[in-house]
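no sequence on this one, just coordinates:
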């Protein structure tokens with residue numbers, strides 16, 4: 001994990017409401033122990049060292065000493081992910097997810113090019129990023145290529161380079177098989193440590209005391225050598241993640257500025273009193289190592305992650321809006337949203353004149369001023385809509401549109417356009433712009449899903465179902481798209497197809513029992529109401545029912561073995 005949680009020697013009493021979290025960990029630990037028992041026979045004591053990866057940094061990697069197969073780790077990750085999908089604090093916001101993907105995909109490409117991400121892991125692991133409704137600054141990696149990013153992290157980082165630093169670090173935990181290497185290090189103790197770490201990651205947003213208790217329990221069970229190994233893994237993730245983000249085109253200074261933020265935020269907790277009892281290196285140590293690496297990056301030492309030159313100015317403008325969106329989506333309450341609206345309202349009268357006078361400023365200052373204005377206006381507009389002051393929200397959107405009118409980056413104008421549509425939809429209105437929307441021209445997932453909602457509200461339901469049926473065929477794991485497609489089919493009285501789309505959304509979220517229930521409901525409707533679906537649709541439903549039945553049986557067998 002990128003951010004450490006302070007420990008304690010006495011585990012606090014577990015509050016009520018955490019039983020589901022502990023049940024999740026028991027399930028995960030049971031799965032890990034099962035795999036461990038199958039993978040580590042009593043006589044197997046040796047470990048093999050693999051050669052350093054091609055294109056890696058000059059320092060050697062710790063090596064992939066893993067003896068846990070990629071398929072086994074993916075199964076563990078899927079079980080955790082299924083629980084995350086059911087958590088109401090898991091946020092599938094297409095706008096923010098698209099923004100994260102614009103950073104994540106270059107990192108993935110760089111990891112492949114460097115040889116950090118091999119073909120087997122790319123195929124077998126999920127490589128999926130979750131957004132978590134949590135105001136704390138954190139991100140974490142889970143088994144099988146699942147990653148969690150707190151909204152608090154997105155709202156706190158100053159630019160996309162800092163966010164890339166965190167994502168590159170977490171990606172490296174997975175590409176280097178750190179979870180499997182924990183098992184290989186100490187097969188009898190590591191599963192419980194990992195279970196405690198998973199609980200700490202998932203429970204932190206629910207109850208910090210319970211998360212602390214879980215982490216402390218894991219540390220008490222683990223030997224000191226295990227903690228040392230974890231520190232080595234953190235350093236390896238820092239080193240490889242640094243190389244990945246730089247090769248992906250992000251500014252190396254983003255790592256240092258991110259560590260500076262963490263150091264400032266953790267001064268009260270990270271006082272350096274117990275350096276050997278922590279499972280992560282101190283921020284000061286890691287920042288020093290990042291500074292040393294920065295000196296080795298040619299052509300970037302004089303750069304600035306917040307510069308107004310080149311492509312950085314529009315990137316700052318867009319990031320400020322996305323950070324503002326993340327801040328509002330944490331649902332902080334009316335007492336926090338009202339000041340955001342007031343700040344935006346004050347700024348609205350001066351934003352355009354300030355933008356005009358910015359031409360006399362240095363590029364760095366002008367870019368920062370524009371970004372701050374954009375972020376404040378975006379937060380105010382979305383905050384006003386959440387407070388149901390839609391007239392104020394539309395007025396602020398209008399000011400933001402004027403500010404972004406000359407933006408070079410089309411992503412900026414698209415973000416503002418989607419915000420305008422969202423405000424109308426929240427108000428229960430049919431957006432006027434829906435009349436001009438062509439779903440076939442949509443650019444990306446957020447553009448498609450937001451505009452599809454607008455077109456659906458305008459009554460053009462067949463356009464929505466036609467476009468989304470094509471999209472889901474290409475992106476079968478997009479649960480939100482399946483749900484929107486189900487709504488479009490229901491609006492056309494195509495209930496069998498609607499039920500199948502609902503079932504597919506549950507498959508995408510790994511809820512196989514729920515999906516099977518919906519597929520069987522579709523079959524029952526076809527039997528009771530002949531003619532409700534054509535032969536092709538019926539064949540698809542029958543095939544998918546058999547496939548999901550197999551998945552449910554496999555899952556039940558695993559649960560039986562775990563018990």
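Done, it's in. As the structure is a prediction and not an experimental result, all values here were calculated from the model.

low-confidence stretches in the stretch 351-500 of the chain?
Along the stretch 351-500 of the chain, the parts satisfying pLDDT under 70 run over 351-363.

quick one, helices of it?
All helices of the stretch 351-500 of the chain, identified by DSSP state H, counting those that start in this stretch, fall at 351-357, 363-386, 390-404, 410-426, 445-457, 461-474, 479-491, 495-508.

do the stretch 101-250 of the chain as well
Counting by DSSP H, counting those that start in this stretch, the stretch 101-250 of the chain has helices at residues 119-124, 151-156, 160-175, 178-185, 190-203, 208-221, 224-247.

which one of those has the lowest average pLDDT?
Between the helices of the stretch 101-250 of the chain, the lowest average pLDDT goes to helix 208-221, which shows a mean of 45.

if I pick residue 553, what's in contact with it?
Counting by CB atoms under 8 Å, 6 or more residues apart in numbering, residue 553 makes contact with nothing. Every residue, glycine included, has its C-beta placed from N, CA and C.

please read the previous query as pertaining to residue 532.
Taking CB under 8 Å, 6+ apart, one finds 495-496, 525-526 in contact with residue 532.

and if you look at residue 172?
Here residue 172 is in contact with 111, 116, 236-238, 240-241, 244 (criterion: CB under 8 Å, 6+ apart).

before we move on, what about residue 407?
By CB under 8 Å, 6+ apart, the contact set of residue 407 is 314, 317, 413.

do you know how far it is from residue 110?
Separation of residue 407 from residue 110 (CB to CB, to the nearest Å) stands at 27 Å.

output the contacts of residue 407 in a markdown table; the columns should cover distance to residue 539 and neighbour count.
Rendered in a markdown table, the data for the contacts of residue 407 read as follows (distance: CB to CB, whole Å; neighbours: other CB atoms under 10 Å):
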| residue | distance to residue 539 | neighbour count |
| --- | --- | --- |
| 314 | 49 | 20 |
| 317 | 50 | 24 |
| 413 | 44 | 15 |
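
can you list these in TSV and add distance to residue 350?
Rendered in TSV, the data for the contacts of residue 407 read as follows (distance: CB to CB, whole Å):
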residue	distance to residue 350
314	22
317	17
413	22
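
contact partners for the spatially closest residue to residue 454 that is not a sequence neighbour?
In space, and not counting its chain neighbours, residue 454 is closest to residue 434: 4.1 Å by CB to CB, 6 or more residues apart in numbering. Counting by CB under 8 Å, 6+ apart, residue 434 touches 421, 451, 454-455, 457-458, 460.

with residue 125 instead?
70, 73-74, 77, 144-145, 174.

which parts of the stretch 1-150 of the chain are strands?
With DSSP state E, counting those that start in this stretch applied, the stretch 1-150 of the chain shows strands at 90-91, 128-132, 139-142, 146-150, listed in chain order.

hang on, the earlier thing: export the helices of the stretch 351-500 of the chain to TSV and tack on distance to residue 516?
As requested, the helices of the stretch 351-500 of the chain are exported to TSV (distance: least, CB to CB, whole Å):
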stretch	distance to residue 516
helix 351-357	53
helix 363-386	37
helix 390-404	41
helix 410-426	32
helix 445-457	26
helix 461-474	19
helix 479-491	15
helix 495-508	8
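
out of these, flag the one nearest residue 93.
Shortest separation from residue 93 across the helices of the stretch 351-500 of the chain is recorded for helix 445-457, at 8.4 Å, computed as CB to CB.

what's the angle from the closest one to helix 461-474?
Regarding helix 445-457 and helix 461-474, their directions subtend 150 degrees when assessed with axes from the mean of the first three to the mean of the last three CA atoms, to 10 degrees.

show me which residues of the longest helix anywhere in the chain are buried.
Using DSSP state H, we find that the single longest helix of the chain is helix 535-562. Applying a neighbour-count criterion of 16 or more other CB atoms under 10 Å, the buried positions in helix 535-562 are 537-538, 540-541, 544-545, 548, 552, 555, 558.

could you do stretch 119-126 as well?
121, 124-126.

what of stretch 73-86?
Applying a neighbour-count criterion of 16+ other CB under 10 Å, one finds 73-85 buried in stretch 73-86.

CSV please, covering these and showing pLDDT and distance to residue 381.
Converted to CSV, the buried residues of stretch 73-86 look like this (pLDDT from 0 to 100; distance: CB to CB, whole Å):
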residue, pLDDT, distance to residue 381
73, 86, 43
74, 90, 41
75, 87, 44
76, 84, 42
77, 89, 37
78, 92, 38
79, 88, 40
80, 88, 36
81, 91, 33
82, 91, 35
83, 89, 34
84, 90, 30
85, 92, 30
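
quick one: end-to-end length of stretch 508-517, please.
The distance separating the two terminal residues of stretch 508-517, taken as CA to CA, to the nearest Å, comes to 15 Å.

what does it contact?
Counting by CB under 8 Å, 6+ apart, 78, 81-82, 85-86, 476-479, 482, 503-504, 506-507, 545, 548-549, 551-552, 555 sit against stretch 508-517.

chain center to that stretch: distance?
Distance, stretch centre to chain centre, for stretch 508-517: 22 Å (CA atoms, centre = their mean, to the nearest Å).

and what of stretch 118-138?
6 Å.

burial check on the closest residue to residue 549 other than its chain neighbours, number of neighbours?
Computed as CB to CB, 6+ apart, the closest residue to residue 549 that is not its neighbour in sequence is residue 516, at 6.1 Å. Residue neighbour count, defined by other CB atoms under 10 Å, stands at 20 for residue 516.
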